[in-house]
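Engineer: pasting the structure only:
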Ligand SMILES: O=C[C@H](O)COP(=O)(O)O
């Protein structure tokens, strides 16, 4: 149910919601969560519920949604990890998550779970705030794990993106894809993080704190917060069907899906100006292996929402542009500013609310002045299909080939 990389590139990102009891499981099911995750938030990032309670929730969910369960993390003794995972597997969970350290203990823990991985879908969790060893992704795949996930261990010390930048996260997802593992991202994610992470096409995004009253992960589930997160993660339902089903129309307007009688396109401009980044760029030999300063100016015309509200569902974030630049630069040396400008324009235009984009890129270290290029690109068709919501980078997680 959690798609691995080999199951098609058009997959949608799923929403995982962590719950503590049967009532919360029912609440996130009603709110549209794709995966119901069992966890005791008061007992750490991957605090395990009592296995008997987990079994009760599994029976209650009754296969309406896949159920995953946290089994604990950072076991000093691999056998203790095996025992904890076995208990959750026996509770009938579809997936069992366990967290690993980045030292030899972590690698030993992964290897010890190979026999269980042969009969239960395991997800290995690495911690972004504990210098994760991404080589463990390959080891998990070799031991038969179903997925790998990044989360944060300390829940009061920053969000996932505070610990790993978008290029590194994109690299993690690329590794998972290359090894056929489902990929997951979590770590005190907040609504503005969602449009930044979706272009990387993770298999799922995981939430607890942002679903709770006062964004406090030990507090009760807040139905409005669940709805907010659900609305920000597109579902594989056609726009018409979703509208007919009574989905929050603000989501579709905000994302650029307009009703037939509202064809006039009015736009607002989101911009990133004078962002200077050190880049590996240039066609000359002397430009290889050294970074030079490059200035980015990007103007993005986005459809104006007819619905005025003050939350993330109605906006296109400048963070998305900055992230696209960082991800492209993270893919290695690029010879031409023209290539970089075109790839950047393409990645911004993949967001369906974007109507046109102007990208200006200037190399600052070549001459006393500036040299560069400016390109403008428009969306080919204004009739954006809802399926375009599966935005992504052409070579997600990969390196530039030249
Ligand atoms: O597996 C996902 C986690 O429960 C996320 O928890 P958090 O959003 O509080 O970091």
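Structural biologist: Received the coordinates, thanks. As the structure is a computational prediction, the values presented were derived from the model and not from experiment.
Engineer: from here on, just use CA atoms for contacts and neighbour counts.
Structural biologist: Will do.
Engineer: up against the ligand, what does this protein have?
Structural biologist: 18, 186, 187, 188, 189, 206, 207, 208, 209, 210, 217 (C-alpha under 6 Å from any ligand atom).
Engineer: please enumerate the helices of this structure.
Structural biologist: Counting by DSSP state H, the chain has helices at residues 22-30, 51-61, 78-90, 104-112, 114-117, 136-142, 160-163, 166-178, 194-197, 223-232, 239-244, 249-255, 318-329, 337-349.
Engineer: let me have these in TSV, extended by mean neighbour count and mean pLDDT.
Structural biologist: Output for these, formatted as TSV (neighbours: other C-alpha atoms under 10 Å; pLDDT from 0 to 100):
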stretch	mean neighbour count	mean pLDDT
helix 22-30	18	97
helix 51-61	19	97
helix 78-90	19	97
helix 104-112	19	97
helix 114-117	17	97
helix 136-142	20	98
helix 160-163	19	97
helix 166-178	23	97
helix 194-197	20	94
helix 223-232	20	96
helix 239-244	13	41
helix 249-255	21	41
helix 318-329	20	96
helix 337-349	20	96
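Engineer: look up how far residue 314 lies from the residue of the chain positioned farthest from its centre.
Structural biologist: The outermost residue of the chain, judged against the average C-alpha position, is residue 368 (40.8 Å), by C-alpha atoms, centre = their mean. In this view, residue 368 and residue 314 are 42 Å apart by C-alpha to C-alpha, to the nearest Å.
Engineer: what of residue 359?
Structural biologist: Residue 359 sits 23 Å away from residue 314, going by C-alpha to C-alpha.
Engineer: how is this protein divided into domains?
Structural biologist: Per automatic domain parsing, the domain ranges recorded for the chain read 5-233, 259-389.
Engineer: right, and residue 133 touches residue 100 too?
Structural biologist: No - Residue 133 is beyond contact range of residue 100, at 9.4 Å (criterion: C-alpha atoms under 8 Å).
Engineer: shared neighbours of these two, which are they?
Structural biologist: residue 126 (C-alpha atoms under 8 Å, 6 or more residues apart in numbering).
Engineer: ok, residue 129 - contacts?
Structural biologist: 152, 153, 154, 160, 163, 164.
Engineer: per-residue pLDDT, it?
Structural biologist: On the pLDDT scale, residue 129 is placed at 97.
Engineer: wait, doesn't residue 131 sit right on residue 102?
Structural biologist: Yes - assessed by C-alpha under 8 Å, residue 131 is found in contact with residue 102 at 7.1 Å.
Engineer: now do the strands in the stretch 301-402 of the chain.
Structural biologist: 354-363, 371-378 (DSSP state E, counting those that start in this stretch).
Engineer: quick one: the shortest one to helix 337-349, angle?
Structural biologist: Going back to what we said before, that points to strand 371-378. Note on geometry: by axes from the mean of the first three to the mean of the last three C-alpha atoms, to 10 degrees, strand 371-378 and helix 337-349 are set 30 degrees apart in direction.
Engineer: what helices or strands is strand 371-378 leaning on?
Structural biologist: The contact analysis (3 or more C-alpha pairs under 8 Å, 6 or more residues apart in numbering; DSSP states H and E) places strand 371-378 against helix 337-349, strand 354-363.
Engineer: now with 6 Å, please.
Structural biologist: Counting contacts by 3 or more C-alpha pairs under 6 Å, 6 or more residues apart in numbering; DSSP states H and E, strand 371-378 packs against strand 354-363.
Engineer: try the longest one
Structural biologist: Strand 354-363 sits against strand 292-303, strand 371-378, with contacts defined as 3+ C-alpha pairs under 6 Å, 6+ apart.
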